[in-house]
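Engineer: I'll drop the sequence and a predicted model, then ask my questions.
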Amino acid sequence: MNDIVITGLTKSFGNKQVLKDFSMTIPAGGTTCIMAPSGGGKTTLMNLLLGLISADSGTIQGLEGIRIAAVFQEDRLIETMNPVSNIRLVHPRLSTQTILERMSAVGLNGCAGQPVSELSGGMRRRVALLRALESKWDFLLMDEPFKGLDPDTLQLVIQETRRASHHKTVLLITHDLKEADMMHANLVRLPEIQASNT
Amino acid sequence: MLKKSGLKLWAVLLWLIVWQLASMAVGKEILLVSPIRTITRLAELASALSFWKAILYTLSRIALGFTLATALGVLLAILSSRFSSIRDICAPAMLTIKTIPVASFIIVALIWFSSKKLSILISFLMVLPIIYTNTLNGILAADPQLIEMARVFRIPVFRQILYVYGPQVLPYFRTGCTLALGLSWKSGVAAEVIGMPVGSIGERLQQAKVYLDTPDLFAWTLTIILVSLLFERGILFLLHCLERRLTHIGSSECSTQLTREAV
């Protein structure tokens, strides 16, 4: 796939301007990390890239015909289903064996048959992450995907994420510089990405 | 059945005793028949083939009306949730159906159709707005974040309906069914009483009224209650099975796999 080129993106919600004339390039085949404080327009940018909302002006090039996956800020799991079913929902042909192996790789053992509503926050986060990683994608967007994970689990999860995203285009949104380092991401900070925020 | 309805056996027995004492106090069967006489008469009626034919006649028509209304109600609710113009078109029609007295529908329907089809049409009309409104409310209340997730992951529409919308809409749909089931029987039998299609429960009720045959009237009323309860329980059981199936996709499959691995 090609680089994703964002040019002059502007988005307001009512009187509040969230993005103004924002431009950046997300290089193909690598991991880019955007760091910004809360309310800095990161999630708006993600929603624009996902096509869930429309920009007031500006363009995004390079998304045509590519498969996108996402780890949302919220887990967005089907509460009554177990982890295997949640992952299989986006990739019906994935075998139970493969899913169990991936779950084990991120430390999710012994919970395959439990509804996700009964899992802890960290476990649910890993299910949401695996759902995205195991779907078929060319471009992965992750909004604070590692929140709530202890250091040991974080290590496992980042290892699995890097394995699954090798030579693929990833956009990581996080507050944590350490996570960006561990993902070997190209860092883009708020002042570089946003002209102004009123 | 008593347990599921939240009824206590002792309370039911208490009311039966009150009924029995009241009928003994009145002392005239034509005014108030006793529960024992009602059950005896019901047993007598049940020994005749015509009794079962009347039940089948009415049950099949009300069930058909209910099924058609449910199918159309769900379809219209899906379309209305997708296209606001269809919702705008449906709104006055549903409101009109809900507010017009059922007796008016029955009389107009008798002018237009044969009395044989009357209970199908009336139960259809009574059920349609309830199923439509409840299903539409369920779809509109579905979690928008899950819908966005389904869109981003390109989950096919059929799987979205089954596994994303299904578990969220089913509780609304079930409530609608519970309300509509009782109403379909009340309105369906009322239509038969007025239209008197030959061989129906309504016709038998009307005959009992004409001949002041109170034991028959009570026995047929008890029959309607029992059949409608069984019908309601059957439909709700099917819905319960469907709900379990939709909310536990792959669970059994996964358990089987895990068991196999353990072995």
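Structural biologist: Sure thing, it's come through.

Engineer: in what helix or strand does the residue most central in space within chain B lie?
Structural biologist: Residue closest to the average C-alpha location in chain B (CA atoms, centre = their mean): residue B:181, at 1.4 Å. For residue B:181, the element it lies in under DSSP states H and E is helix B:166-195.

Engineer: which one is the residue nearest to the centre of chain B nearest to, not counting chain neighbours?
Structural biologist: Of all residues not flanking residue B:181 in the chain, residue B:232 sits nearest, at 4.3 Å (CB to CB, 6 or more residues apart in numbering or on different chains). C-beta here means a position set from N, CA and C on the backbone, and glycine is covered the same way.

Engineer: ok, residue A:128 - contacts?
Structural biologist: Counting by CB atoms under 8 Å, 6 or more residues apart in numbering or on different chains, residue A:128 touches A:71-72, A:75-77, A:145.

Engineer: Nearest to chain B among the residues you listed?
Structural biologist: Proximity of the contacts of residue A:128 to chain B (CB to the nearest CB) peaks at residue A:76, which lies at 4.3 Å.

Engineer: And what about the closest one, helix, strand or coil?
Structural biologist: coil (DSSP: H, G, I helix; E, B strand; the rest coil).

Engineer: residues in contact with stretch A:161-177?
Structural biologist: Contacts to stretch A:161-177, defined as CB under 8 Å, 6+ apart, come from residues A:1, A:4, A:26-37, A:42-43, A:45-46, A:49, A:129, A:133-134, A:137-146, A:179-180, A:183-185, A:187.

Engineer: Emit the ChimeraX select command for whichever of those are buried.
Structural biologist: Remark: buried members of those, expressed as a ChimeraX selection using 16 or more other CB atoms under 10 Å in any protein chain shown:
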select /A:4,26,28,30,31,32,33,34,35,36,42,43,45,46,49,129,133,134,137,139,140,141,142,143,144,145,146,179,180,183,185
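
Engineer: circling back: quick one: buried residues of the helix holding residue B:181?
Structural biologist: B:166-170, B:172-174, B:176-181, B:183-195.

Engineer: helices and strands around that helix, which ones?
Structural biologist: Packed against helix B:166-195 by the contact rule (3 or more CB pairs under 8 Å, 6 or more residues apart in numbering or on different chains; DSSP states H and E) you find helix B:49-82, helix B:102-112, helix B:118-140, helix B:201-210, helix B:214-247.

Engineer: Could you look up the SS state of the residue lying closest to residue A:108 once chain neighbours are set aside?
Structural biologist: Spatial nearest neighbour of residue A:108, chain neighbours left out: residue A:126 (5.5 Å); criterion: CB to CB, 6+ apart. What three-state DSSP gives for residue A:126 is helix.

Engineer: correct me, but the residue nearest to residue B:181 touches residue B:180?
Structural biologist: No: judged on CB atoms under 8 Å, residue B:232 makes no contact with residue B:180 at a distance of 9.7 Å.

Engineer: Now for the two: what residues contact both?
Structural biologist: Counting by CB under 8 Å, 6+ apart, residue B:232 and residue B:180 have no shared contacts at all.

Engineer: Please name the residues that touch the residue nearest to residue B:181.
Structural biologist: Counting by CB under 8 Å, 6+ apart, residue B:232 makes contact with B:178, B:181-182.

Engineer: Give me the neighbour count for residue B:64.
Structural biologist: When neighbours are defined as other CB atoms under 10 Å in any protein chain shown, residue B:64 has 15 of them.

Engineer: For the nearest residue to it once chain neighbours are set aside, grab the count of nearby residues.
Structural biologist: Counting by CB to CB, 6+ apart, residue B:64 lies nearest to residue B:120, which is 5.2 Å off, once chain neighbours are set aside. A total of 23 residues lie near residue B:120 under the criterion other CB under 10 Å.

Engineer: Buried residues in the helix or strand harbouring residue B:93, which are they?
Structural biologist: Secondary structure from DSSP H and E places residue B:93 in helix B:84-99. Under the neighbour-count criterion of 16+ other CB under 10 Å, helix B:84-99 has B:87, B:90, B:94, B:97 buried.

Engineer: The first one and residue B:136 touch, don't they?
Structural biologist: Yes: here residue B:87 reaches residue B:136: they are 7.4 Å apart, a contact under CB under 8 Å.
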